[in-house]
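# Model the structure of this input:
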Amino acid sequence: MAGFTDRPQDAAARSAEARLRAALDLGDRGELRALYERLGRPRVEVPGLTEEARAAVVHAYAPVCGEHSDPRWRLEALFVEPPPPVDSAERLGRAWAVLDALGTDPRPPMPCGLYHDGGWGNYDVIVHDNDRDDPDRPGELYVSQLGLFVNGDDWDDRCRAAFTEAGFHWIDERTGGVRVTGLEVRYFDEWTELCIDTLLFLWQD
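Predicted structure coming up:
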């Protein structure tokens, strides 16, 4: 698990982490904010993590993260404004309309738990006819409930462009494979660090 510093000999960084953890345990919001500002609003830098995905993940998971998580994630959730909410009907309607305009005959959206016949998660599934390799197998579009993030079939540039123009962020293998270090998330009865594609499209049985 990544700590507050990658340099164990850095006594100042270790001291700052200890102060942050102590302030978080006390729950004094005023003291926390003062310390957060005094330390320069520290945050865990994750190469390849976009600001849009970061904002969604921070406010969804940092408030309920594991006790060994880097305290900077919890501070960021407290003092950095969350992304503006997106109405569920608008989000799904917009994704469905993109699929419809692409001629893929989309079905009505359904929550991932219903789609998988059990469990729960934070995304919806829209079945469609875009699987060109196997016409008898329906394609799947995953629409995150944490924001305007979509994932699914490895489509061509025209399809991705259509979703981008509609305001969505396409989470591909590269962007989705970024591991969010220092943030422990409860996943199938274990506290662990997860990649962006799992965090934005989480399902558990």
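# can you map out the helices along this protein?
Remark: helices assigned in the chain by DSSP state H are 11-26, 29-38, 51-61, 71-79, 88-101, 112-115, 157-165, 173-176, 196-200.
# Of those helices, which is nearest L146?
Of all the helices of the chain, it is helix 51-61 that lies closest to L146, at 4.2 Å by Cβ to Cβ. No exception for glycine: its C-beta is placed from N, CA and C like everyone else's.
# Low-confidence ranges, this structure, go.
Along the chain, segments meeting pLDDT under 70 span 1-14, 26-27, 131-135, 153-154.
# Leaving out sequence neighbours, find the closest residue to V178.
Spatial nearest neighbour of V178, chain neighbours left out: G48 (4.2 Å); criterion: Cβ to Cβ, 6 or more residues apart in numbering.
# List the contacts of that neighbour.
R174, T175, V178 (Cβ atoms under 8 Å, 6 or more residues apart in numbering).
# now the closest residue to L32 other than its chain neighbours: how far from T181?
Leaving aside its sequence neighbours, L32 sits nearest to A23 (Cβ to Cβ, 6+ apart; 4.9 Å). According to Cβ to Cβ, to the nearest Å, A23 and T181 sit 22 Å apart.
# Figure out which of the helices of the chain is closest to F188.
Nearest of these (Cβ to Cβ): helix 196-200, 10.7 Å.
# so what does that closest one touch, helix or strand wise?
helix 51-61, strand 149-152, helix 173-176 (3 or more Cβ pairs under 8 Å, 6 or more residues apart in numbering; DSSP states H and E).
# Out of those, flag the one nearest L202.
L202 lies closest, by Cβ to Cβ, to one member of those: helix 51-61, at 8.9 Å.
# chain center to the closest one: distance?
Between the centre of helix 51-61 and the centre of its host chain there is 5 Å, according to Cα atoms, centre = their mean, to the nearest Å.
# Next: stretch 167-186.
Here stretch 167-186 shows a centroid-to-chain-centroid distance of 6 Å under the convention Cα atoms, centre = their mean.
# Could you give me the buried positions within that stretch?
Going by neighbour count (16 or more other Cβ atoms under 10 Å), the buried part of stretch 167-186 is 168-171, 175-176, 178-185.
# Likewise for stretch 80-89?
Under 16+ other Cβ under 10 Å, the buried positions of stretch 80-89 are V80, P83, V86.
# And these, which is closest to R137?
V86 (29.9 Å).
# For stretch 43-54, list every residue counted as buried.
Within stretch 43-54, the residues scored as buried using 16+ other Cβ under 10 Å are R43, V44, V46, L49, A53, R54.
# so how far is A89 from the fifth one?
Just to be clear, that refers to A53. Taking Cβ to Cβ as the measure, A53 falls 23 Å from A89.
# repeat for the first one
Using Cβ to Cβ, one gets 33 Å for the distance from R43 to A89.
# Over to D157?
Taking Cβ to Cβ as the measure, D157 falls 29 Å from A89.
# And the helices and strands packed on helix 196-200: which comes nearest A97?
Closest to A97 of the helices and strands packed on helix 196-200 is strand 149-152 (Cβ to Cβ; 12.6 Å).
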